[in-house]
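Asker: Here's my sequence, what's the structure:
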Amino acid sequence: MKIIIADDHTIVRQGISKLLKESFPFAEIAEASDTVDLVKLVRKEKWDVIVSDITMPPGDSGLEAVKEIKSISPSTPVIIMSMHSPEHYAVRAIKAGASGYLSKDSASLELVKAINHVLSGKRYVNAEVAAILADAFETNFENRSIENLSDRELEVFKLLGRGKTVSDIAKELCLSTNTISTFRAKILDKMNFHNNMELIKYAVDNKLI
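Answerer: The predicted structure follows:
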């Protein structure tokens with residue numbers, strides 16, 4: 001097993017490394033003190049799991065690093081471990097592509113369990129983080145309303161809801177594909193959708209098509 005530990009504090013990296021060596025004695029563990037070194041390691045070779053802090057100068061933040069890591073190696077799970085309260089960063093971390101979020105206070109109790117969990121292809125969230133994610137989802141769902149859309153956006157929304165492609169809609173409305181793509185992006189943003197499937201499900205569930 002190959003693991004990266006990324007944190008700007010040497011004593012934290014050493015403590016995590018010692019903890020992981022006890023549970024994974026044959027693991028190859030590399031350390032990174034900032035996001036620049038972290039991304040370099042990811043570009044250089046394949047890793048099984050990455051444990052990273054959020055705030056690591058210099059360079060991009062840990063969350064931006066997660067996005068870059070997922071673009072380089074989509075299948076590599078990243079566990080964010082931070083001193084920051086989950087209320088402030090857990091949702092952002094998961095949206096960025098992290099497979100788990102832990103507070104440093106609970107690392108000694110949960111990190112090994114979290115690693116085993118993400119290695120099986122699942123996300124790891126404890127009860128506290130799960131509650132935060134549920135609240136965030138409920139808030140996003142409640143904010144979904146077609147009243148937020150302009151007349152043209154609503155027209156494009158309904159056509160997307162019927163499963164039509166951007167090209168199909170462009171031809172039907174006599175507009176360019178770039179224009180329709182812009183409308184689609186605005187609709188997804190306003191309605192808190194991540195993709196067309198969420199849009200179609202919402203349209204069907206709410207009898208909008």
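Asker: In terms of secondary structure, what does the host helix or strand of Asn116 contact?
Answerer: Assigned by DSSP states H and E, Asn116 belongs to helix 107-119. For helix 107-119, the packing partners by 3 or more CB pairs under 8 Å, 6 or more residues apart in numbering; DSSP states H and E come out as helix 10-23, strand 49-52, strand 78-82, strand 100-103. All C-beta spots, glycine's among them, are computed from the backbone N, C-alpha and C.
Asker: Any regions of this structure where pLDDT drops low?
Answerer: For the chain, the stretches with pLDDT under 70 are 58-60, 85, 87-88, 133-144.
Asker: Centroid-wise, who is the farthest residue in it?
Answerer: Here the chain reaches farthest from its C-alpha mean at Cys174, the gap being 36.3 Å by CA atoms, centre = their mean.
Asker: and stretch 90-107, how far from the chain's centre?
Answerer: Per CA atoms, centre = their mean, to the nearest Å, the displacement of stretch 90-107 from the mean C-alpha position of its chain is 9 Å.
Asker: Straight-line length of it, end to end?
Answerer: Stretch 90-107 has an end-to-end distance of 15 Å (CA to CA, to the nearest Å).
Asker: now stretch 75-93
Answerer: Using CA to CA, the end-to-end distance of stretch 75-93 comes to 16 Å.
Asker: quick revisit: quick one, which of the helices and strands packed on helix 107-119 is nearest to Ser71?
Answerer: In terms of CB to CB, the element of the helices and strands packed on helix 107-119 nearest to Ser71 is strand 78-82, at 12.0 Å.
Asker: which residues sit in contact with Leu102?
Answerer: Applying CB atoms under 8 Å, 6 or more residues apart in numbering to Leu102 gives the contacts Ile79, Ile80, Met81, Ser82, Glu110, Leu111, Ala114, Tyr124, Asn126.
Asker: Please report the distance of it from Asp151.
Answerer: Leu102 is 46 Å from Asp151, where distance means CB to CB, to the nearest Å.
Asker: again, but for Lys190
Answerer: According to CB to CB, Lys190 stands 14 Å off from Asp151.
Asker: more crowded one of those two?
Answerer: Shown here are Lys190 and Asp151; by other CB atoms under 10 Å, Lys190 has more neighbours (18 against 6).
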